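> I'd like to go over a predicted model; first the sequence, then the structure.
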Amino acid sequence: MERLLEIGFIKVGHWASREDKMICNLDSHHSNKSILYSFISNGEVKYIGKTIMSLSRRMYGYQNPGKSQSTNIRVNEKIKDCIAVGEAVDIFILVDNGLLKFGNFQINLAAGLEDTMIYEISPDWNFNGKSKIEEDDDSSIDETTDLERSDQSVITIESFEITLGKAYYNQGFFNVKMEYSDLFGGDRSEIQIQLGENKDLLRGYVNRTANMNGTPRIMIGKRFAEWIQSRFEIGDVINVDILTPSLIKLNGSLK
């Protein structure tokens, strides 16, 4: 583990278990891409991987592995085994600052380091016997949401309330409170919205430039405004459930 810290790895979260389901708790860097990540337990490096996806999306692949994603399934079970015996599993990452170049070409730090680090450190979960386990390709990560998985329950990460002022009521957006800001993706990242119990999800995006403090504004649009106006009055309160960094559910009392 010391070797990882020496080159700049930082802790960004940990794994937990809730109702026999693995939950990835990220404290920061949800939207960072092109990174190296590592799972560490009791100071021992258990797994090293890389991703071109956002960190939250890649961790979602381990949290909810698809049926064909053998490595995600295997690592999910390893994490579960550790937590079952009271051993913490922390998530560390190395962020690529984009400064490493060869001539005019930028070098992908994660791609350049992954094989060397796995070879020299030999993390247990990267190997099955003497054979190196190939990571599930990012392109194969199942990006269906928890809501769309009929065989799994939806677990809320956090919840907060918004009061419907005139702007929220008429213009199809709302702002996220500062304490929940890091639970959402970066500027212009896509987000899905479930309105009540309707399984037909709306698509919106995160705007982090509208508010001076960089907190997210969730832009949804006309259909959201119509849903609010048909069910609520100005001054009503709506509950926002954060299900994943890219999926939220809105609830409230009808008129």
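Nice, I can see it. Numbering: from 1, shown residues only.
> Domains in the chain, by residue range?
The record's domain split for the chain, according to automatic domain parsing, is 2-143, 147-252.
> ok, residues contacting the strand or helix carrying Tyr62?
Take DSSP states H and E as the rule and Tyr62 turns out to sit in helix 55-63. When contacts are defined by C-beta atoms under 8 Å, 6 or more residues apart in numbering, helix 55-63 is touched by residues 12-13, 21-24, 26, 29-33, 35, 37, 49, 51, 69, 72, 75-76, 79, 91, 93, 136, 138, 141-143, 185, 244-246. Placement of C-beta: from N, CA and C, glycine included.
> Just the buried ones from those residues?
A residue is treated as buried here by neighbour count (16 or more other C-beta atoms under 10 Å); on that basis the buried members of the contacts of helix 55-63 are 12-13, 22, 24, 26, 29-33, 35, 37, 49, 51, 69, 72, 75-76, 79, 91, 93, 136, 141-142, 185, 244-246.
> Filter those residues down to just the ones in strands.
Using DSSP state E, the members of the buried ones among the contacts of helix 55-63 that fall within strands are Val12, Gly13, Met22, Cys24, Leu26, Ile35, Tyr37, Gly49, Thr51, Ile91, Ile93, Thr244.
> Just put those in JSON lines and tack on pLDDT.
Shown next, in JSON lines, are these (pLDDT from 0 to 100):
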{"residue": "Val12", "pLDDT": "90"}
{"residue": "Gly13", "pLDDT": "90"}
{"residue": "Met22", "pLDDT": "82"}
{"residue": "Cys24", "pLDDT": "84"}
{"residue": "Leu26", "pLDDT": "81"}
{"residue": "Ile35", "pLDDT": "90"}
{"residue": "Tyr37", "pLDDT": "96"}
{"residue": "Gly49", "pLDDT": "94"}
{"residue": "Thr51", "pLDDT": "89"}
{"residue": "Ile91", "pLDDT": "96"}
{"residue": "Ile93", "pLDDT": "95"}
{"residue": "Thr244", "pLDDT": "77"}
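> which one of these is nearest Ile118?
Gly49 (8.9 Å; C-beta to C-beta).
> show me what contacts the closest one?
Applying C-beta under 8 Å, 6+ apart as the definition, the contact partners of Gly49 turn out to be Leu36, Tyr37, Ser38, Arg58, Glu114, Glu135.
> Lowest pLDDT pick from these?
For the contacts of Gly49, the least confidently modelled position is Glu135, at 75, judged by pLDDT.
> So what's the residue count around that residue?
Other residues lying near Glu135 total 20 when counted by other C-beta atoms under 10 Å.
> how much space between it and Gln69?
Counting by C-beta to C-beta, to the nearest Å, the gap between Glu135 and Gln69 amounts to 10 Å.
> Between helix 55-63 and the helix ranked longest in the chain, find me the angle.
Criterion DSSP state H: the longest helix present in the chain is helix 70-84. Here helix 70-84 points in a direction 80 degrees away from that of helix 55-63 (axes from the mean of the first three to the mean of the last three C-alpha atoms, to 10 degrees).
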